[in-house]
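K.L.:
The following block contains a protein sequence and its predicted model.
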Amino acid sequence: MQLKTTVLMLPLIVGLGIGLLSAETPEASPFPSGETLRYDIVWPSGLRLGEARFTANYNQAGWAFSADLAANLPVLAIEDKYESKTDFSLCSASFKKVVSHGKRTQNEEVEFDQDENRALRRNLANGTTQDLVVPPCARDALTYLYSLRQDLAQGRVPPPDDFNFGTQLQISVSYVETRAIEAGGKTQQADRLLVDVTGGEDPVNIELFLAQDAARTPLLIRVPFELGTFSLKLAE
């Protein structure tokens, strides 16, 4: 598996608020508005290489999610930023990513027209655009993580689906077991899920551990690739 594919999916790999000021309010959500989760980015040896931060907030328009990653890997430096805006049903309105992997950079956004089942992908570096066909209530990669947490909090594993990461990719989630793991400075029970992503240059296989708390907090994310297993571990 190519390193760039693995790193780009991190945001795949890796989120109850009720709005009071709007006529439209969010569906019951396990993650609260204002949630911030911080993760250590860890090499197979246990060496800490950097950190990632995920945030969730809502206003009268809907939800806003963000993810920031910064790490110095043995082969390159990474600095990525992702932003998603959705309605209260977690249907995407826009998705933006700014990626820097060594000399390789990417700056683009996707705007969704949910009524027409279309999306416009725009390269902000050169101005080129691409028109995409998307399914009803299309979701971007970052929003999918929060949608998954919502499904699990309601006691269900979602069926195979797709999401947008600039292009449409396919995703399948399966429950494996429950086990105790150490994360966030304590040992706690977590559900272990296997997440398979296809449709890109290479298939991506992610191991995801979510706490059995009300928020279904992601505790640990493991992504194997040719150099070893790259992990995000919830920090204290």
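P.N.:
Perfect, I can see it now.
K.L.:
All the strands of this protein, in order from the start?
P.N.:
35-42, 48-58, 63-72, 77-86, 92-101, 104-113, 118-123, 129-133, 161-164, 168-183, 186-198, 204-211, 218-225, 228-234 (DSSP state E).
K.L.:
Kindly reformat these as CSV and extend each row with mean pLDDT.
P.N.:
Shown next, in CSV, are those (pLDDT from 0 to 100):
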stretch, mean pLDDT
strand 35-42, 95
strand 48-58, 94
strand 63-72, 94
strand 77-86, 94
strand 92-101, 94
strand 104-113, 94
strand 118-123, 96
strand 129-133, 95
strand 161-164, 95
strand 168-183, 95
strand 186-198, 95
strand 204-211, 94
strand 218-225, 85
strand 228-234, 86
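K.L.:
Ok, which of those comes nearest Asp151?
P.N.:
Closest to Asp151 of the strands of the chain is strand 168-183 (CB to CB; 8.6 Å). For the C-beta atoms, the positions are set from N, CA and C on the backbone; glycine is no exception.
K.L.:
can I get the strands of the chain in a markdown table with mean neighbour count and distance to Thr143?
P.N.:
As requested, those are exported to a markdown table (neighbours: other CB atoms under 10 Å; distance: least, CB to CB, whole Å):
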| stretch | mean neighbour count | distance to Thr143 |
| --- | --- | --- |
| strand 35-42 | 18 | 14 |
| strand 48-58 | 18 | 10 |
| strand 63-72 | 20 | 6 |
| strand 77-86 | 20 | 5 |
| strand 92-101 | 20 | 5 |
| strand 104-113 | 16 | 10 |
| strand 118-123 | 16 | 13 |
| strand 129-133 | 12 | 16 |
| strand 161-164 | 20 | 8 |
| strand 168-183 | 14 | 12 |
| strand 186-198 | 16 | 15 |
| strand 204-211 | 21 | 16 |
| strand 218-225 | 21 | 14 |
| strand 228-234 | 19 | 18 |
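K.L.:
Just put these in a markdown table and tack on distance to Arg149.
P.N.:
Output for these, formatted as a markdown table (distance: least, CB to CB, whole Å):
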| stretch | distance to Arg149 |
| --- | --- |
| strand 35-42 | 10 |
| strand 48-58 | 10 |
| strand 63-72 | 11 |
| strand 77-86 | 14 |
| strand 92-101 | 16 |
| strand 104-113 | 21 |
| strand 118-123 | 23 |
| strand 129-133 | 25 |
| strand 161-164 | 14 |
| strand 168-183 | 11 |
| strand 186-198 | 11 |
| strand 204-211 | 7 |
| strand 218-225 | 7 |
| strand 228-234 | 14 |
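K.L.:
Quick one: closest of the ones you listed to Ala141.
P.N.:
Checking those against Ala141 by CB to CB gives strand 161-164 as the closest, at 5.3 Å.
K.L.:
what packs against the closest one?
P.N.:
helix 141-153, strand 168-183 (3 or more CB pairs under 8 Å, 6 or more residues apart in numbering; DSSP states H and E).
K.L.:
chain center to that strand, what's the gap?
P.N.:
12 Å (CA atoms, centre = their mean, to the nearest Å).
K.L.:
For that strand, output the C-alpha coordinates as PDB.
P.N.:
Extracted C-alpha coordinates of strand 161-164, given in PDB (Å, rounded to 0.1, in the frame of the first residue of the first chain):
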ATOM      1  CA  ASP A 161     -21.800   2.800   1.700                       C
ATOM      2  CA  ASP A 162     -19.700   5.300   0.000                       C
ATOM      3  CA  PHE A 163     -18.300   8.700   0.900                       C
ATOM      4  CA  ASN A 164     -16.500  11.600  -0.900                       C
END
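K.L.:
which ones are touching the nearest residue to Glu177 once chain neighbours are set aside?
P.N.:
Leaving aside its sequence neighbours, Glu177 sits nearest to Arg192 (CB to CB, 6 or more residues apart in numbering; 5.2 Å). Applying CB atoms under 8 Å, 6 or more residues apart in numbering, we find Arg192 in contact with 175-179, 207-209.
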